[in-house]
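In: Quick one: sequence plus predicted model below, questions after.
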Amino acid sequence: MTGDKSQTIPPEADSPAPLPAVADAATARRSTALPAHLGGLADRARSYVEAASSANTRRAYASDWKHFAAWCRRQSLSPLPPEPQIVGLYVTACASGAVGADGKPNSVSTIERRLSSLTWNYAQRGQALDRRDRHIATVMAGIRNSHARPPVQKEAVMPEDIIAMLETLDRKTLRGLRDRAMLLIGFAGGLRRSEIVGLDVNKDQTEDGRGWIEVLDKGLIVTLRGKTGWREVEIGRGSSDATCPVAALDTWLTLARIAHGPLFRRVTGQGKAVGADRLNDQEIARLVKRAALAAGVRGDLTEGERALKFSGHSLRAGLASSAEVDERYVQKQLGHTSAEMTRKYQRRRDRFRVNLTKAAGL
């Protein structure tokens, strides 16, 4: 009966979860019944829902839901409504390698991300997944005890590495000038790759921007929207124009003729033309890896081993490992909420600088 509003039709099981404003058919009917003058508010509400998480996060949530729904379909199970026992079997299959075609087990971090994705997707459908249920909590505890390993850390690029990497970039092309600015800004600011490419020239210039810059006499102020809210990063001028992040950025902006919109953009036409599109954050990882390999960083390793050592995080780890200042300043620069998180980025630090054994009198 089309007039019976007590009946609801669940969303397609293997489709990404819709936004909360249209999480199920009943909600959709209520939305369409809104007075016409509230249509603008409904659209704004949906835009706020999208702004609650990054595009990368939403893509990951959608991908994980699709992965779970496909596994349920192969087992003749329904992903809806949420059943802790079924979810417990799913994470067991992920840990044992019984999900992917290659038979390779998922890492603990991947399984935990998939579980978080399922929780989010169910919440968007107005349904709650109880992760404390014994079918999930006990299985996850066993998976962590059996398979958890220390995280694999990327190699930190130190100042001497950055200088060598800069020498591998072409100073005569716009692409080379852009890449120099990105390496130096990323290293000196301790920025994430998404933060580097998310920058605009000025405030509120694009809808997908994650921050903007302000050039001052003594350096650069970078305002960022991060995981814990807004923060400011101060990038001072270097001792030499050749390695100064502010000078490199100024050269890029001047020669690329960028005065509005995304700060770092695609370069086409054999490195001579600048497009309007913002770079993908994967380009930062590719740049760091390519430049590090070309500069011979960690030449004591084989080519294959070196290729696995470097990523966008190498820049943040490099700043944390090389800045000889009080740890709290490094913590603030990286935007960490705890000193413990900052220490995870410090690849070369004096672990025994504070010796509690001697301090206790032994």
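Out: In hand now; what should we look at?

In: Burial check on the nearest residue to Val274 once chain neighbours are set aside, number of neighbours?
Out: By the measure of C-beta to C-beta, 6 or more residues apart in numbering, the closest residue to Val274 outside its immediate chain neighbours is Ala256, 4.6 Å from it. From N, CA and C alone the C-beta is placed, and that goes for glycine too. By other C-beta atoms under 10 Å, 19 other residues sit near Ala256.

In: wouldn't Ala256 be in contact with Lys272 here?
Out: No. Ala256 is beyond contact range of Lys272, at 10.4 Å (criterion: C-beta atoms under 8 Å).

In: what's the overlap in contacts for those two?
Out: Shared contacts of Ala256 and Lys272 (C-beta atoms under 8 Å, 6 or more residues apart in numbering): Leu174.

In: where does the residue most central in space within the chain land on pLDDT?
Out: Here the mean C-alpha position of the chain is nearest to the C-alpha of Ser194 (C-alpha atoms, centre = their mean), at a distance of 6.0 Å. Predicted confidence (pLDDT) at Ser194: the value is 92.

In: you'd agree it is in a helix?
Out: Yes. Looking at Ser194 with DSSP: H, G, I helix; E, B strand; the rest coil, it is inside a helix.

In: ok, now which ones touch the spatially closest residue to it that is not a sequence neighbour?
Out: Nearest residue to Ser194, sequence neighbours excluded (C-beta to C-beta, 6+ apart): Asp281, at 4.5 Å. By C-beta under 8 Å, 6+ apart, the residues touching Asp281 are 56, 193-194, 196-198, 312.

In: again with Val267
Out: For Val267, the contacting residues are 173-175, 178, 273-275, taking C-beta under 8 Å, 6+ apart as the criterion.

In: secondary structure class for it?
Out: Assigned with three-state DSSP, Val267 falls in the strand class.

In: For the nearest residue to it once chain neighbours are set aside, grab the count of nearby residues.
Out: Spatial nearest neighbour of Val267, chain neighbours left out: Arg175 (4.2 Å); criterion: C-beta to C-beta, 6+ apart. Here the number of neighbours of Arg175 (other C-beta under 10 Å) works out to 20.

In: and the gap between Arg175 and Arg328?
Out: 37 Å (C-beta to C-beta, to the nearest Å).

In: got a list of contacts for stretch 192-202?
Out: The contact list for stretch 192-202 (C-beta under 8 Å, 6+ apart) reads 54, 56, 182, 185-186, 189, 206, 208-213, 222, 224, 226, 253, 258-264, 278-285, 312-313, 316.

In: out of the residues you listed, which are inside strands?
Out: 211-213, 222, 224, 226, 278 (DSSP state E).

In: When you compare pLDDT across those, which one is lowest?
Out: Lowest pLDDT among these: Gly226, 71.
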